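1. Structure, please.
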Amino acid sequence: MSFSSLQQYIIKICYGREKISRNLFRKFYTDKKVKENLKTKIITKSIERLIDKGLMVGYGMRTTKKWFIREVRLTNQGKKLWEDWLNRKQRKLPV
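-> Down below sits the predicted model:
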């Protein structure tokens, strides 16, 4: 499974912690020129995709038409997949 750079950032921030406020993910865009309203939409879409894959759990409010996700955390499956992904990226030294 491959992750976008934003998804990698989100999972890296969440790894090893309990519930994380989604406001921390805005730091990903500190050096990038993206409009404020687009930042929120992009982060929300990435979080929703990770939740749909079963890698994260979102906490917040639900109205009849929309979710308002305030906090997220990684599931056990998400932690395991992230560890496997990190190990795959790390090179092995020759013996």
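
2. Helices along the chain, start to end?
-> Residue ranges of the helices in the chain, as given by DSSP state H, are 5-14, 36-52, 76-89.

3. Would you reformat those as a markdown table and include distance to residue 70?
-> (Each C-beta comes from the backbone N, C-alpha and C, glycine too.) Formatted as a markdown table, these follow (distance: least, Cβ to Cβ, whole Å):
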| stretch | distance to residue 70 |
| --- | --- |
| helix 5-14 | 14 |
| helix 36-52 | 11 |
| helix 76-89 | 18 |
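
4. Pipe those helices into a markdown table and attach mean pLDDT and mean neighbour count per row.
-> Conversion of those to a markdown table gives the following (pLDDT from 0 to 100; neighbours: other Cβ atoms under 10 Å):
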| stretch | mean pLDDT | mean neighbour count |
| --- | --- | --- |
| helix 5-14 | 91 | 17 |
| helix 36-52 | 88 | 15 |
| helix 76-89 | 85 | 13 |
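
5. Now do the same contact list for the residue most central in space within the chain.
-> Nearest to the geometric centre of the chain sits residue 10, at 3.1 Å (Cα atoms, centre = their mean). Taking Cβ atoms under 8 Å, 6 or more residues apart in numbering, we find residue 10 in contact with 25, 28, 43, 46, 47, 50, 56, 72.
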